[in-house]
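> Task: produce atomic coordinates for the following.
(one chain, ligands or ions: 2)
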Amino acid sequence: MILSGCGAPSVGDVGAVRTLFAMDTMMQLTVYGEHQEEAVDAAQAEISRLEGLLSRTRSDSQITALNRHAGDGSPVAVDPDVYSVLSLAQEYAREVDGAFDITVAPIMDAWGFVSKNYRVPSQEELARLLPLVDGEQLRLEEGGSTVQLAKPGMAVDLGAIAKGYTAGRVEALLRSYGVEDALIVLGGNVTAMGRNYSGDPWRVAVRDPLDGEAYLGILPLQDVTASTSGGYERYFEQDGRRYYHIIDPTTGLTADSGLLSVTVISSDAARNDALSTALFVMGTERAEAFWRAHGDFEMVLVQADKTVLITQGLEEGWDFRGERNGYQYEILHR
Ligand code: FAD
Ligand code: MG
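Ligands and ions are numbered 1, 2, ... in the order given. Just a heads-up that it's a prediction; the model follows:
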């Protein structure tokens, strides 16, 4: 997603670069500053710590404990970070009116997205599972130390928010080491802190969802996060149809909203991640209305008809590269 180059913000400094695989995705940290080596080590340790708490595929994580105790009436004691992600997720779910819901986990499992034994569940099976998808049945105790899921069979999956949350924690940690310039790439969540090697805003590319080799455009970004959700990386095909990992929580089906990808840009990394998923589920019309009602983010919507809609706050500096693959773009004005 990133166009790299050579040089450094302070001349001669190439930064501390760390590539790692965590949360089932590729991550890369590029950090500049006097304490860049210690800072990048601490950032990597923080990512591992959060993965250990937030993963639902690890048998010893706190999310696994929460899921295991669903409906048995016993509150599960959690770390402040786990409580924070869960309460933020609940807040965002309310904001987007059902398009984002971390209790979609039983539906993810029915489709085999976690086990990777992919299958198309029957309508009856989905109808049986849908009552378990209800973020309001996640009980967050006053005081912020215990949580529980009200019904047996419920489960949470933080795949749509935990990388954004982690990016926000990593950014704060890097700042505590005096770092002002860094690029934090956690899969499809890219946090651009300060400036790049040549003293300019970071240049972050929006991928062509239909061509892994191509970009649709490049955005100059500074002190914001860009989160992308799309149907082009985690999917399977059956009987000529593509089923991917973003689910409409109201139907239990692959979100089929006419969008190929959504990129959201804002200064709040956790909300940004949640919004990219939610706006993908909503589709253009609802996403546009949501953007008009909220002044605090920008977005790039890539429609299946190859029209790229970008909001006006991104117009300056937008470097369109989609012509070659038959795309055109339009600016959405407030
Ligand atoms: P996003 O659009 O940001 O999120 C999509 C993901 O969110 C889906 O994969 C699903 O998990 C969930 N989701 C789908 N629809 C909705 C919805 N409407 N509302 C809310 N959530 C929804 N993957 C593995 O295969 N194995 C692992 O061991 C594993 N461990 C992980 C550990 C952690 C801590 C995290 C954060 C992720 C892990 N993942 C793992 C990856 C995860 O399961 C998702 O595949 C991944 O996070 C997708 O992210 P994205 O940015 O591509 O998509
Ligand atoms: Mg997301």
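> for this protein, longest helix please?
Secondary structure of the chain per DSSP state H: the longest helix is helix 269-293.
> Mind telling me which residue of this structure is nearest ligand 1?
Distances between the chain and ligand 1 by C-beta to the nearest ligand atom are smallest at Gly159, namely 2.6 Å. All C-beta spots, glycine's among them, are computed from the backbone N, C-alpha and C.
> Please give the three-state secondary structure assignment for that residue.
Following DSSP: H, G, I helix; E, B strand; the rest coil, the label given to Gly159 is coil.
> how far away is it from ligand 2?
To ligand 2, Gly159 is 8 Å away according to C-beta to the ion, to the nearest Å.
> per-residue pLDDT, that residue?
pLDDT for Gly159: 98.
> Count the neighbours of it for me.
Residues lying near Gly159 (other C-beta atoms under 10 Å) number 24.
> Ok, Asp319 next?
Neighbours around Asp319, by other C-beta under 10 Å: 11.
> which residues touch it?
Arg203, Gly217, Ile218, Leu219 (C-beta atoms under 8 Å, 6 or more residues apart in numbering).
> Just the buried subset of those, please.
Buried members of the contacts of Asp319, counted by 16 or more other C-beta atoms under 10 Å: Arg203, Gly217, Ile218, Leu219.
> what would those residues look like in a markdown table with secondary structure?
What follows is the buried ones among the contacts of Asp319, written out as a markdown table (three-state DSSP):
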| residue | secondary structure |
| --- | --- |
| Arg203 | strand |
| Gly217 | strand |
| Ile218 | strand |
| Leu219 | strand |
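> and those, which two are the farthest apart?
Arg203 and Gly217 (10.4 Å; C-beta to C-beta).
> what does the chain have sitting close to ligand 2?
Ala160, Ser229, Asp273, Ser276, Thr277 (C-beta under 5 Å from the ion).
> How about Val170, nearest residue that isn't a chain neighbour?
Sequence neighbours aside, Ala43 is the residue nearest to Val170 in space, at 4.8 Å (criterion: C-beta to C-beta, 6 or more residues apart in numbering).
> With Leu20 instead?
The nearest residue in space to Leu20 (C-beta to C-beta, 6+ apart) is Met27, at 5.1 Å.
> Give me the three-state assignment for that neighbour.
strand.
> That one pairs with what?
Leu20, Leu186 (DSSP bridges).
> re the thing from before, from the buried ones among the contacts of Asp319, pick the one nearest Asn189.
So of these, ranked by how close each gets to Asn189 (C-beta to C-beta), first place is Leu219, at 14.1 Å.
> which residues does that closest one bridge with?
In beta-bridge terms (that is, DSSP bridges), Leu219 pairs with Val204.
> Repeat that for the one 10 residues further on.
Beta-bridge pairing of Ser229 under DSSP bridges involves Val262.
> Not counting sequence-adjacent ones, nearest residue to the closest residue to ligand 2 within the stretch 101-250 of the chain?
Nearest residue of the stretch 101-250 of the chain to ligand 2: Ala160, at 4.0 Å (C-beta to the ion). Distances taken as C-beta to C-beta, 6+ apart place Thr277 nearest to Ala160, at 4.0 Å, with adjacent residues excluded.
> From what I see, the one you found and Tyr244 are in contact.
No - the criterion here is C-beta atoms under 8 Å, and Thr277 misses it with Tyr244 at 11.7 Å.
> So which of these two has more stuff around it?
Using other C-beta under 10 Å as the criterion, Thr277 and Tyr244 rank with Thr277 on top: 27 against 20.
> what about that one, distance to Ser229?
5 Å (C-beta to C-beta, to the nearest Å).
> Find residues that contact each of the two.
Common neighbours of Thr277 and Ser229 (C-beta under 8 Å, 6+ apart) are Ala160, Ile246.
> Pull up the residues of the protein that are close to ligand 1.
23-24, 51, 54-55, 57, 100-102, 104, 108, 114, 157-160, 162-163, 187-188, 229, 233-234, 245-247, 249, 273, 276-277, 281 (C-beta under 6 Å from any ligand atom).
> Just the buried subset of these, please.
Of those, these count as buried by 16+ other C-beta under 10 Å: 23, 51, 54-55, 100-102, 104, 108, 157-160, 162-163, 187-188, 229, 233, 245-247, 249, 273, 276-277, 281.
> where's the nearest residue to Gly153 once chain neighbours are set aside relative to Ser61, distance?
Computed as C-beta to C-beta, 6+ apart, the closest residue to Gly153 that is not its neighbour in sequence is Leu132, at 5.1 Å. Counting by C-beta to C-beta, the separation of Leu132 from Ser61 is 20 Å.
> Equivalent analysis for Ala274, please.
Going from Ala274 to Ser61 by C-beta to C-beta gives 20 Å.
> Of these two, which one has the most company?
Ala274 (29 against 18).
> The more buried one touches Ala160, doesn't it?
Yes - between Ala274 and Ala160 a contact is recorded at 6.1 Å, counting by C-beta under 8 Å.
> got any residues that touch both of these two?
By C-beta under 8 Å, 6+ apart, the residues touching both Ala274 and Ala160 are Phe100.
> check contacts around the residue nearest to Gly153.
Per C-beta under 8 Å, 6+ apart, neighbours of Leu132: Thr103, Pro106, Lys151, Gly153, Met154, Ala155.
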